[in-house]
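> What shape does this take:
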Amino acid sequence: MTENPLLERAARFVSALRHCQVLGVAVHAASEEGMTLVLPYGAHIVGDPLTGVIHGGALTSLMDTACGMATLCVLAEFEVCPTLDLRIDYMHPAEPHKPVYGFAQCYRVTTDVIFTRGVAYQDDPQQPIAHVVGTFMRMGKRLKGTHGLGSTIRGEQA
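Next comes the predicted model:
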């Protein structure tokens, strides 16, 4: 079995995010091509109890996190990259009782902004539940001690 440092780094990062803990989001795959997270089905994320359809907010969280974490795939070192803009186009509801996968990739990296796109899907990425595009601000080392936003993540220097 080959080690995948990107997968390991992504798994550590997602495990530190409280919303991912609550939703049960985990890293499914990670490579230079992009990041895939998985959102397991559960009663706590159902938006319509009559149909069992997952709440759109849970899918939005999945895709925002996938896009944000895709930045790990293109940056040599960890940088804080908050969401600037996120657009999600829902194609159809997720099928109840099945996990949802969120794939995202970075398609352009500038000195200040990272541009991402991706899909949420269940069985087939060619039949997406939703399409997403997002932009993320590169904070880099400028964040440390200069903006009053804090400089630690779980006790470690960011």
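> Looking at this structure, which helix is longest?
As assigned by DSSP state H, the longest helix anywhere in the chain is helix 56-70.
> Show the subsequent helix or strand relative to it.
Using DSSP states H and E, the helix or strand that follows helix 56-70 towards the C-terminus is strand 83-90.
> buried residues in that following strand?
Residues of strand 83-90 classed as buried by neighbour count (16 or more other CB atoms under 10 Å): 86, 88. For glycine as for every other residue, the C-beta is placed from the backbone atoms N, C-alpha and C.
> could you point out which element follows that strand?
Heading C-terminal from strand 83-90 (DSSP H and E), you reach strand 100-109.
> helices and strands around that next one, which ones?
If you count contacts as 3 or more CB pairs under 8 Å, 6 or more residues apart in numbering; DSSP states H and E, strand 100-109 packs onto strand 34-39, helix 56-70, strand 113-121.
> and the longest one, how far out from the chain's middle?
Computed by CA atoms, centre = their mean, to the nearest Å, the separation of helix 56-70 from the middle of its chain amounts to 4 Å.
> Could I get the helices and strands packed on strand 100-109 in TSV, plus columns for mean pLDDT, distance to Ala16 and mean neighbour count?
Output for the helices and strands packed on strand 100-109, formatted as TSV (pLDDT from 0 to 100; distance: least, CB to CB, whole Å; neighbours: other CB atoms under 10 Å):
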stretch	mean pLDDT	distance to Ala16	mean neighbour count
strand 34-39	97	14	24
helix 56-70	96	11	23
strand 113-121	98	20	22
